[in-house]
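S.K.: how would this look folded up:
(one chain, ligands or ions: 1)
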Amino acid sequence: MVAPRFRSRRFRRSNVRTPGGSLVVHYDRRKPGRPQCSDCGEYLKGVVRGIPSIVRKLSKTQKRPERPYGGTLCSSCMRKVIIEKTRKLVVQDG
Ligand SMILES: [Zn+2]
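M.R.: Next comes the predicted model:
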């Protein structure tokens, strides 16, 4: 009988073949949900999705795209925000 904490679906199950040839069930932690754009809700590309303790070990540049609002907004929403900001600057100056 498996340990009580493994009886719920909190853990992902994967079948692993051991060196002895038998098939055993491994209980792995589930990945967190996919990161989404905070403006339009589209799933973000280039953002690592994994177990936090492993993602934490990666460098900052490996975790999200290297651009303004990288990892927060998608590229098209970022473009809109920047255009809107420069418009406001032009109005203030003129
Ligand atoms: Zn977006």
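S.K.: Read off the pLDDT value for the residue nearest to the spatial centre of the chain.
M.R.: Nearest to the centroid of the C-alpha atoms of the chain, with distances taken as C-alpha atoms, centre = their mean, sits residue 49, at 3.3 Å. For residue 49, the pLDDT comes out at 93.
S.K.: okay but it is in contact with residue 32, surely?
M.R.: Yes: assessed by C-beta atoms under 8 Å, residue 49 is found in contact with residue 32 at 6.9 Å. From N, CA and C alone the C-beta is placed, and that goes for glycine too.
S.K.: Get me the contact residues on the protein for the ion.
M.R.: By the rule C-beta under 5 Å from the ion, the part of the chain lying against the ion is 37, 39-40, 42, 74, 77.
S.K.: Show only the entries of those found in helices.
M.R.: Within the residues of the chain next to the ion, residues falling in helices by DSSP state H are residue 77.
S.K.: of the residues of the chain next to the ion, buried ones?
M.R.: 37, 74, 77 (16 or more other C-beta atoms under 10 Å).
S.K.: Where does pLDDT dip in the protein?
M.R.: Applying pLDDT under 70 to the chain flags residues 94.
S.K.: Shouldn't residue 66 be within a strand?
M.R.: No: read with DSSP: H, G, I helix; E, B strand; the rest coil, residue 66 is coil and lies in no strand.
S.K.: what about the closest residue to residue 67 other than its chain neighbours, how many neighbours?
M.R.: Of all residues not flanking residue 67 in the chain, residue 78 sits nearest, at 6.7 Å (C-beta to C-beta, 6 or more residues apart in numbering). The tally of other residues near residue 78 (other C-beta atoms under 10 Å) stands at 18.
S.K.: End to end on stretch 35-51, go ahead and measure it.
M.R.: 13 Å (C-alpha to C-alpha, to the nearest Å).
S.K.: repeat for stretch 29-46
M.R.: Where stretch 29-46 begins and where it ends lie 22 Å apart, using C-alpha to C-alpha.
S.K.: and the gap between the residue nearest to the centre of the chain and residue 25?
M.R.: Noted for residue 49: a distance of 24 Å to residue 25, by C-beta to C-beta, to the nearest Å.
S.K.: Now do stretch 22-33: everything it contacts.
M.R.: Contacts to stretch 22-33, defined as C-beta atoms under 8 Å, 6 or more residues apart in numbering, come from residues 2, 6, 10-18, 49-52.
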